[in-house]
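Asks: Provided below are the primary sequence and the corresponding predicted coordinates.
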Amino acid sequence: MRVIISLTEENYLKAIYTLSHLFEESEVSTNQISDHLNNKAATVTDMLKRLSEKKLIHYIPYQGVKLTEKGRQTAIKVVRKHRLWEVFLVDKLQFKWDEVHEIAEQLEHINSDELIQRLDKFLGKPKFDPHGDPIPDANGQLNIVKAIPLNQHKIKGLFTFVGVCEHSKTFLQHLTSIGLKIGDTLKVEEINEFDNSFKVKINKNNSQFFSNKVASNILVEIKK
């Protein structure tokens, strides 16, 4: 018997998948899900019970939540659609990277495997979305990104900006305002010991000062 999964249930599965990768843990807590989705804990608990009944998650109260294989496949499918649509919106319709999340949130629920296969082919089978997040392939496989936040590096030197931890509109607009985009080279010139802020040169342009909060949400790799 085919289990029908609602849009809201898909959103919860995607949230659990995203949080498990963000915190590098197989299980996530009810509070983490509540904060991520901005829902009350009681509402989250009710949904987790429903997802558990459909065998989409392993859920034991007060012990965390883990996706079943069926739940993981469903979540990956939604994530794949979301990130492909973001590429389409930015690359083909010229939306800005801070404008596409909410639109992709709606498009990700279109239930057509054929459409997504054609979209993927049309876009040239992209590996990453406009924010640097890896796009699962048709088999659910992800490119491994060995990047960490800039503020975790305690050394000066050259880095490549490869992604963001924070996807809010205001944060992305801030990065745009200082001229920072995926693929840029960052040269860390100074690290302030007092507040852990960074003096950074972007692509040999004028130096910028990154607060610790900004640096904590910028993912970089050491430039080879």
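Replies: Looks like it came in fine. From a predicted model like this one, the values you see are computed outputs, not experimental measurements.
Asks: Which pLDDT value goes with the most centrally placed residue in the chain?
Replies: Nearest to the geometric centre of the chain sits residue 133, at 5.5 Å (Cα atoms, centre = their mean). pLDDT recorded at residue 133 is 93.
Asks: Break this structure down into its domains, please.
Replies: Listed by automatic domain parsing, the domain ranges of the chain are 7-67, 82-139, 148-222.
Asks: From the opening residue of the last one to its closing one, how far?
Replies: Distance between the boundary residues of domain 148-222 (Cα to Cα, to the nearest Å) amounts to 10 Å.
Asks: what about residue 159, which SS state?
Replies: strand (DSSP: H, G, I helix; E, B strand; the rest coil).
Asks: And for residue 25, the neighbour number?
Replies: 13 (other Cβ atoms under 10 Å). Any C-beta I mention is one placed from the backbone N, CA and C, and that applies to glycine too.
Asks: three-state assignment of it?
Replies: Look at residue 25: counting by three-state DSSP, its state is coil.
Asks: Run through the residues that contact it.
Replies: By Cβ atoms under 8 Å, 6 or more residues apart in numbering, no residues touch residue 25.
Asks: any idea how far it is from residue 18?
Replies: 12 Å (Cβ to Cβ, to the nearest Å).
Asks: How about residue 49?
Replies: Taking Cβ to Cβ, one finds residue 49 at 21 Å from residue 18.
Asks: neighbour count winner among the two?
Replies: Under the criterion of other Cβ under 10 Å, the comparison of residue 49 against residue 18 puts residue 18 first, with 15 against 12.
Asks: Can you name the residues that contact that one?
Replies: Counted by Cβ under 8 Å, 6+ apart, residue 18 has contacts 36, 79.
Asks: Helix or strand: which one has it?
Replies: Taking DSSP states H and E as the criterion, residue 18 maps to helix 7-22.
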